[in-house]
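Novice: What follows is a predicted structure for the sequence shown.
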Amino acid sequence: MLHDIINYIVNIVSQLGYIGIFTAMFLESSFFPFPSEVVMIPAGYLAYKGDMNIYIAICSGIFGSVVGAGFNYYLAKHFGRAFLQKYGKYIFLREDSLKKLEKFFDKHGEISTFNGRLIPGIRQYISLPAGLAKMSISKFILYTALGAGIWVTILALLGYFIGSNEELVKEYLHNAVILALIFISLLTLFYTLRHKFGGRP
């Protein structure tokens, strides 16, 4: 069953090409909780087979992620918290979830738009508190692109090197998430200490 679903997704991505990658990653980063794993890993596998260019596939994924995140940022910045409270349920965002996101953003600062992209369950909505806080758009795009770039590249390379082996993909994806969380912890610690003793960067 799982094998059939994966083959179906691979076929869809193959048919839609880079536009399909962009669209799916846009959705994944905006209002639709679409798992990036089911897009970028098949894209990497298609690149391995010669049906796609790995670099263009990765760039399409990153671009889609940034534009999707920018959509959320725009909604939050221009319509405010009241709008999200009223209509958040239609984009799978509850009031308590929004409060947790704001707390996460307040605790980790602007860099949370970077490290939040590497945390499952947060990456889709971390742009909302950034918009509510009216974070600089240039910083937002930079941090989002960097965070999305790391995640998209990891997934695409997993698909490229071991995409035909489902069990290995699961194992390495699990390890990649753990390593990403460790990296985030160290980076956040460095950022916090720098902010505390060296002033705001």
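Specialist: The structure has been received and is ready for your questions.
Novice: close enough to count as contact, Phe114 and Ile141?
Specialist: No. Judged on C-beta atoms under 8 Å, Phe114 makes no contact with Ile141 at a distance of 11.2 Å. All C-beta spots, glycine's among them, are computed from the backbone N, C-alpha and C.
Novice: Just want to know which of those two has more residues nearby.
Specialist: Each of Phe114 and Ile141 has its neighbours counted (other C-beta atoms under 10 Å); Phe114 has more, 25 against 16.
Novice: pLDDT averaged over the helix or strand the more buried one falls within - what is it?
Specialist: Assigned by DSSP states H and E, Phe114 belongs to helix 112-115. For helix 112-115, mean pLDDT rounds to 84.
Novice: Okay, buried residues for it please.
Specialist: Buried residues in helix 112-115, counted by 16 or more other C-beta atoms under 10 Å: Ser112, Thr113, Phe114, Asn115.
Novice: And that helix, what does it pack against?
Specialist: helix 95-108, helix 127-132, helix 137-162, helix 166-198 (3 or more C-beta pairs under 8 Å, 6 or more residues apart in numbering; DSSP states H and E).
Novice: what comes into contact with it?
Specialist: Here helix 112-115 makes contact (C-beta atoms under 8 Å, 6 or more residues apart in numbering) with 69, 104-105, 108, 126-127, 129-130, 135, 139-140, 143-144, 146-147, 184, 187-188.
Novice: Just to check, Ala43 is in contact with Cys59?
Specialist: No. Here Ala43 does not reach Cys59: they are 11.1 Å apart, not a contact under C-beta under 8 Å.
Novice: So these two - more neighbours on which side?
Specialist: Ala43 (34 against 16).
Novice: Buried subset of the contacts of helix 112-115 as a PyMOL selection?
Specialist: To isolate the buried members of those in PyMOL, using 16+ other C-beta under 10 Å:
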select buried, resi 69+104+105+108+126+127+129+130+135+140+143+144+147+184+188
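Novice: So which helix or strand of the protein has the lowest pLDDT on average?
Specialist: Using mean pLDDT, DSSP states H and E, the weakest-scoring helix or strand in the chain turns out to be helix 166-198, at a mean of 58.
Novice: Where does the prediction get shaky in this structure?
Specialist: Residue ranges of the chain with pLDDT under 70: 1-14, 33-34, 89-92, 163-201.
Novice: Having no further points to raise, I will conclude here.
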